[in-house]
Structure formats: C-alpha cells, structure tokens
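In: just need the structure, nothing else, for what follows:
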Amino acid sequence: ETRRAIRETYGAENDALVAGFASMDARAQASWRFQRYAKDYLRTAQGVDESVGGILGELDRLGIADYTIVVYTSDQGWFLGEHGWFDKRWMYEESFRTPLVVRWPGVIPAGSASQALVQNLDFAPTFLEAAGVAVPADMQGKSMVALLKAGGDEAKAAVNGGAEGAATPCRDAAYYRFEESKGPHTVPRHEGVATAGAKLIRFLDLKAADGAPLIELYDLAADPDERRNLADDPAAAPLRAAMLAKLAEVRRRYEAPEDAAPAAAARATTPNIILFLVDDLGQQDVSVPMLDGASALNRRFRTPNLEKLAARGVRFSNAYAAAPGCTPSRTAILTGQSPARTHITYWTLERGRDTSSPHERLVQPAWRTDGLQPSPELLPALLRGAGYRTIHVGKAHWGARGTDGADPTKLGCDVNVAGHAAGAP
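Out: Predicted coordinates for the structure are as follows:
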C-alpha cells in the first residue's frame, strides 16, 4: 500500500526525469536530486506538524491540556543548501541551532518570546524540577523552570530563582564538540563556543600556518550567515582573545579535554584485525614451510602472498585446531573455549538434527546439535562493545539452519556476506 502511494505521488515526476535524464549535465542531475531530497525533507516536517496537531487536539479532548507541558524541538539543525551543504554536524548556525517551543498553561505567559541561551542538556533538569524530582548533582544542564515562569525574561528569571528559591543565572555561552574527522561523514573534529553575539570554532585536526589548531571567528550580530571569518583580522583580536578565554572556561565546566586524540590515534594500540580462515587447508598445502624445512608438498604449491605475509611476521610450526571438524573448530574461534566445554562437538546443519551416526555399542554424547547461538560473550560482540566493526565474508557454519546462530549478524558481526548455516553453498 505504501509503495503504491509513493508511485502514485511521484509517478509523473519520475517519468519526466527518466525521459530527460540523458540530456542533463552533472550539475542539473545534482540539482534535481537536491530538490527532491529537500522537498521531501520539508514535507516530512509538515507531516510531523500534522501529528503534533493531532496530539494537541487529543489533550484538549481528554481535558488534560491545562496541566501538560508540551515541548517541540529537534536534536539538531539541518543544512538546506547553506554553505553549499546538506546534512548537519558542523557548528555553523543552520546545524547548531534548533527550534524550541514550550507550552505550560498557567505557568508560561502565552505568546512569550525569549532570547535566553539554552541547550538541550537543560531539558532533563527542567523536567525533573517541574515534576518535583531532585536534580542529580552531576547533571550539567540548567533547569529552565524559572526562565519559563518568567516568560523567557532572563532578568526576571534571575531574580525569581529556581527550585527552592535558589538563584538560577541563565547560560552565557553554549559549548559544542564534534568528534569524527576520519569517520564516514569526513567532517573534521571541532569544538567551539557561542555567545549571544559571537562564535569561535576551533578545528582540532586542521592546522593553521603556525601549526596551531585552525580558528574561525564570527560576529553573529554583524554577520549572522557566518560569511566572514575574523580570526586573523587584527581589529578582531580582542574578540578572539575573549572568545578563546570563554572556550577554555566552558571546556573546564563540562570537563572536556582540550585536544583529545582522534579515534584513530587513540586506538594506536588496538589494531585492525583481519582473519583469513581457509576451509580444510593442511599445514603442507602452502608454499610457506611451517616446519623446520620445506617439505615435498610445500615445494609443489605456490602461495606467494602468504610468503610475503610470513616474511613480515611469524609462522607457527605447532598450530592445532581445537577439533578437526568445521562447526566445533569454528565455534572455538568465536568462544575461545574448547568444544568439550561448549558441547559443540560435531558439524551442524538443521535445527534439532543430530548429524552424527548411531553406533550399536557406543553411547553418543549429548552435544549441542543446533551449534553456536547468540551471546554477548562471543568474539564479534565483545569487539563491537570495544568500538570495532566486524565484517564476516564467506563460510560461517556456526549454527544450524533455522536458528539465530545461522546468521553471523546475530552473533555480533556488523556485516555478513554469504555466510549461513551450511558448510557449502
């Protein structure tokens, strides 16, 4: 039904695109994509607004609107072509600012407007105070209750105070920090501070000519679109110094590091890991001699890339499988446990099926015929918890068909390519 509605909505527009696409240059194609994306984005915002209206109407119908706080906001802003971008993440105004509307009948004067500087870390202490719950001391946000009662008037809020009459000075600066740089969005790490009239952005991995972190400085009153960087303007030197001092102050307030190493550098001692797990490959089935000298079989095979690998690493002469069978040996890798401990002692295929053969005189062990199943203690899950991204490619053969163990992503892998329950396609 949803697909049919989408086709009906976009059918004519899509047909026109197909008909004219070959004649469109790269700029025209990019413009079309952006227009479709941006318009859909704005239609979504309109759809959210319609839902808000439905909820407000239901509050009225239930007769609870007068004692219900309603807050409308977002988690961050979004570029709609400003600075040549879409998406978010940067500290520029379009991304940094959010809409915020609060209704609290009988408390907030209707139709009020406020220039107070607030952030979403203020929501939790605000809701707690409004609910009569003590605000934990380790919360870094500021309750907005006094500000809301004053209709957003900072001077009145400061006089009236907050919970239990305590003075609640309004925020004088907003701190921002983004840690990524070499991540999928390629936005350089930066931190910054914004006041009512100025903003300073400090890029941690981008360096100025003197080797110091690159600085951008904007006079928001004179340049609200942030078109002119004043960081190197001699006339703006006092503003730069004041904003750097304010940045250091708020950084200490939020216990943020001045220049934490980027994620890649921080993991310098935690390397990437690639495991080539070849199926049924014997010690002598390669050209690298695993024993003291090359055997006749070693000399018959050619594995030049393995030779290069061995030349830069270490080869082991006495490496053994935990059990000479696919499922038990492979599950030993993920569990770090002997098959005797896991009771996965034979190869698996179908849920509940014992693939071993009965014997007239031997009693078969009670082994786990479904094989390995999800657990937070498995190697991929543990690596994920440490910040790793795990990709499995090829044969899996860990769990029986029809169980979660057949799917490597259920065992903690982030990506699975071709792995499934069986030992072969």
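
In: how near is residue 301 to residue 258?
Out: Distance, residue 301 to residue 258, by CB to CB, to the nearest Å: 55 Å. Heads up, the C-betas are built off the backbone N, CA and C, glycines and all.

In: now for residue 405: which residues touch it?
Out: Taking CB atoms under 8 Å, 6 or more residues apart in numbering, we find residue 405 in contact with 370-374, 398-399, 411, 421.

In: swap in residue 335?
Out: Counting by CB under 8 Å, 6+ apart, residue 335 has contacts 342, 372, 377-379.

In: need the strands for the chain, in chain order.
Out: Per DSSP state E, the chain carries strands over the ranges 70-73, 79-80, 86-87, 100-103, 174-178, 190-194, 198-207, 213-219, 391-393, 415-417.

In: closest to residue 15 out of these?
Out: Nearest of these to residue 15, taken as CB to CB: strand 86-87 at 25.5 Å.

In: contacts for that closest one, please.
Out: 34, 37-38, 78-80, 95, 185.

In: residue 71: which of those is nearest?
Out: residue 78 (19.0 Å).

In: sorry, back to before: buried only: go through the contacts of residue 335 for me.
Out: 342, 372, 378-379 (16 or more other CB atoms under 10 Å).

In: which one of these is nearest to residue 210?
Out: Nearest to residue 210 among these, with distances taken as CB to CB, is residue 379, at 46.0 Å.

In: which of the buried ones among the contacts of residue 335 sit farthest apart?
Out: 342 and 379 (13.1 Å).

In: hmm, back to that, out of the contacts of residue 335, which sit inside helices?
Out: 342, 379 (DSSP state H).

In: now, among the contacts of residue 335, which is nearest to residue 311?
Out: residue 379 (27.8 Å).

In: which residues touch the closest one?
Out: 333-336, 412.

In: selecting buried members of those in ChimeraX, what would you type?
Out: To isolate the buried members of these in ChimeraX, using 16+ other CB under 10 Å:
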select :334,335,412
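
In: closest to residue 191 among the contacts of residue 379?
Out: residue 412 (33.2 Å).

In: buried stuff in the longest helix belonging to the chain?
Out: Across the chain, the longest stretch assigned as helix under DSSP H is helix 26-62. Residues of helix 26-62 classed as buried: 32, 59 (neighbour count, 16+ other CB under 10 Å).

In: give me the mean pLDDT for it.
Out: For helix 26-62, the mean per-residue pLDDT is 90.

In: returning to that earlier point: could you say which of the strands of the chain is packed most deeply?
Out: Across the strands of the chain, averaging neighbours per residue (mean count of other CB atoms under 10 Å) puts strand 190-194 on top, at a mean of 24.

In: partners of that strand, with directions?
Out: strand 174-178 (antiparallel), strand 198-207 (antiparallel) (DSSP bridges).

In: looking at those, which is closest to residue 347?
Out: strand 174-178 (48.5 Å).

In: can you map out the helices along the chain?
Out: Under DSSP H, the chain gives helices at 2-20, 26-62, 93-96, 123-130, 145-149, 154-160, 237-253, 263-266, 296-300, 304-311, 326-335, 339-342, 379-385.

In: can you give me the first-to-last residue distance of stretch 395-403?
Out: End-to-end distance of stretch 395-403 (CA to CA, to the nearest Å): 16 Å.
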